[in-house]
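next input, structure requested:
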Amino acid sequence: MASVRKKIFEIDIPVINQTVSALSLTQDGLVGKFIKLDLTRILKGKNVEASFKIVKEENALVGKPHSLLLLPSYIRRIMRKGVSYVEDSFVCKTKDGAIILKPFMLTRKKVHRKLRNVLNQKTKEILNNSLGERTTDEVFSLIFSSKLQKVLSLQLKRIYPLSFFEFRIAKVGK
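Take a look at the predicted model:
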């Protein structure tokens, strides 16, 4: 009786410019599966866990971003006394679908609820305007490179200076 051996297949993840190996009997056996990666070292200490969905493109396996999670332990570490936190959850339309975003902001001092609401509304407005003409892959690459967070932080600075702005959760929506 001959035994069937699993083979190692390379999965390219272009959003973070890395290649990952996975075991399977066939290449098609990996299609549709998910890979979870800890991106703490890639993102210079930011505790982020990302999930990628494996798809087949031109006879090669490619990892498409599916979700991103900022770990709660990291959030607890950056919290301080005497600051207010602002968080929200909403769906943004992209060129090829939708993305669920949960931004997390820390102000420098304690602020009133009205100011926190203004920060939430402005964040939602900026994201809906800027992400409409981008694909989901482009949005995730902007989040991984922190370019989107920097732009938002600078625009929200006019309302009230933030000490921290990050996406707690970003997930491909339906």
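
which stretches of the chain form helices?
72-78, 113-131, 136-144, 147-156 (DSSP state H).

need those helices in CSV (columns: distance to Lys53).
The C-beta positions use only the backbone N, C-alpha and C, and glycine is treated the same way. Formatted as CSV, the helices of the chain follow (distance: least, CB to CB, whole Å):
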stretch, distance to Lys53
helix 72-78, 24
helix 113-131, 20
helix 136-144, 11
helix 147-156, 21
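
redo these as TSV? Include mean neighbour count and distance to Leu39.
Output for the helices of the chain, formatted as TSV (neighbours: other CB atoms under 10 Å; distance: least, CB to CB, whole Å):
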stretch	mean neighbour count	distance to Leu39
helix 72-78	12	12
helix 113-131	15	21
helix 136-144	20	7
helix 147-156	16	14
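
out of those helices, which gets nearest to Asp12?
Set against Asp12 and scored by CB to CB, the helices of the chain come closest in helix 136-144, at 12.8 Å.

residues contacting Asp88?
Applying CB atoms under 8 Å, 6 or more residues apart in numbering to Asp88 gives the contacts Lys102, Pro103, Asn120, Thr123, Lys124.
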